[in-house]
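# predicted model, plus sequence, below.
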Amino acid sequence: MKLRFSPPSVTTLVQEVPRLVAWRRRIEGAARKGVVFWDESLPLSWLAEIPGSRPLPAGESCKRWHVLEAALTHLAAARLPRTGSVIAVGGGATCDLTAMAASLYRRGVDLILAPTTLLSVIDAGVGGKTAVDLEESGRLLKNFAGSFHPAREVWICPEVLVTLSERERRSGVGELLKMLWISRQRADLEGISAWIREGRIARGFWRQVRQALAAKVRIVERDPLDRKGIRAALNYGHTVGHAMESLAGGKLSHGEAVAWGMWVESALVDRKFAQEVRQALQFLDFADPRSVLAGDRADWEFALEGDKKSDGKKISLKVATGRGLREVRKTPAQIADAARAFL
């Protein structure tokens, strides 16, 4: 006996909403038949006025099991029907946690994402993955558990990104560079630098954001559930980057960690291209991460062993080189040694 099980596919509508007032109107309208979760650090006081909305902790502290439980309890108390929607307003952590809650509540309800950072626009906003972290023995395992739950709609508002701090803008650039490099597109470092310094969204810069989004959509459509190895390219920089986030104890943002993770991972196979990565990061004033990294070789190995691309012995990496993507398999110990040598 065989049971052919094919869950219905989901089409995600990604829309640019140029004006903040229109973006706000959409969120408030969706809240009439849904529940809004928002990043408590956002400078948008009107979110707290939405009936039934709930703030979430800022940053990575949002992605904890007790926060997930509280979110599910809030949805249950709101009596949200299966036909309702869950709306996330915030950065990557807010989107990840809210998406996981939406995937679990009543075995899945519609999700709407309103990302508020460049990083979440490119990373969490498109892709369908959800996640929570696990704390074990005082150490953090990034994205230890999660599900696939694509959003029904994603609302991107450039005017919201103007409110970001310089560090948040730089963090988002880490993911932007990743997408440009794995799709072999040239990064306009001058335009990107202007965005980081001034927060002004020039036409050329936004064109690169659109190119990065289009590249990610092409990859995700070919491998939506991360089963074919195609989507592994999106993890470029993340194996080392996630380990760095854990070892830095919150002193490195996700984008900063991924940026330096790309340098280390490329150096495993192409020192010349890795040097280009390093020069780009230095040009964009990415701070040297060594001062905030704590831990010895065993700590590095522990952080790397939790990587989802590990088969128990080796970790498969797809890294950008001067000749395109290349796959490499290394043990956690080998990656740890390389990271410690470079960092």
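It's in. Since we're looking at a predicted model, the values are computed, not measured.
# from here on, contacts and neighbour counts on C-alpha atoms
Noted.
# all strands for the stretch 101-250 of the chain, in order.
Counting by DSSP state E, counting those that start in this stretch, the stretch 101-250 of the chain forms strands over residues 110-115, 132-136, 139-145, 153-156, given from the N-terminal end onward.
# comparing the ones you listed by mean pLDDT, which bottoms out?
Here the strands of the stretch 101-250 of the chain differ in mean pLDDT, and the lowest is strand 139-145 at a mean of 85.
# just list the residues touching the residue nearest to Ile230 when sequence neighbours are not counted, thanks.
With Cα to Cα, 6 or more residues apart in numbering as the measure, Asp223 is the residue that lies nearest to Ile230, at 6.0 Å, once sequence neighbours are left out. The neighbourhood of Asp223, defined by Cα atoms under 8 Å, 6 or more residues apart in numbering, consists of 229-231.
# which of those are buried? Put it as a PyMOL command.
In PyMOL, this line selects whichever of the contacts of Asp223 come out buried by 16 or more other Cα atoms under 10 Å:
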select buried, resi 231
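# lowest average confidence, helix or strand, in the chain?
strand 139-145 (a mean of 85; mean pLDDT, DSSP states H and E).
# which other helices and strands contact that strand?
In terms of contact count using 3 or more Cα pairs under 8 Å, 6 or more residues apart in numbering; DSSP states H and E, strand 139-145 is assigned the packing partners strand 132-136, helix 238-248, helix 297-305.
# hmm, back to that, which phi and psi values does the residue nearest to Ile230 adopt?
Dihedral pair for Asp223: phi -150, psi 60, per degrees, to the nearest 10.
# if we can go back for a sec, how about the strands of the stretch 101-250 of the chain, which one is nearest Gly261?
When the strands of the stretch 101-250 of the chain are compared for distance to Gly261 using Cα to Cα, the nearest one is strand 139-145, at 14.3 Å.
# other residues contacting that closest one?
Taking contacts as Cα under 8 Å, 6+ apart, the residues outside strand 139-145 that touch it are 131-135, 242-243, 246-247, 303, 306, 308.
# so in that sheet, which strands flank it, and in what orientation?
Within its sheet, and counting by DSSP bridges, strand 139-145 is paired with strand 132-136 (antiparallel).
# quick one on the thing from earlier: which of the residues in the least confident helix or strand of the chain are buried?
For strand 139-145, burial by neighbour count (16+ other Cα under 10 Å) applies to 140-143.
# what is the nearest of those to Leu20?
Asn143 (30.9 Å).
# for Ala303, see how far away that closest one is.
For Asn143, the distance to Ala303 (Cα to Cα, to the nearest Å) stands at 12 Å.
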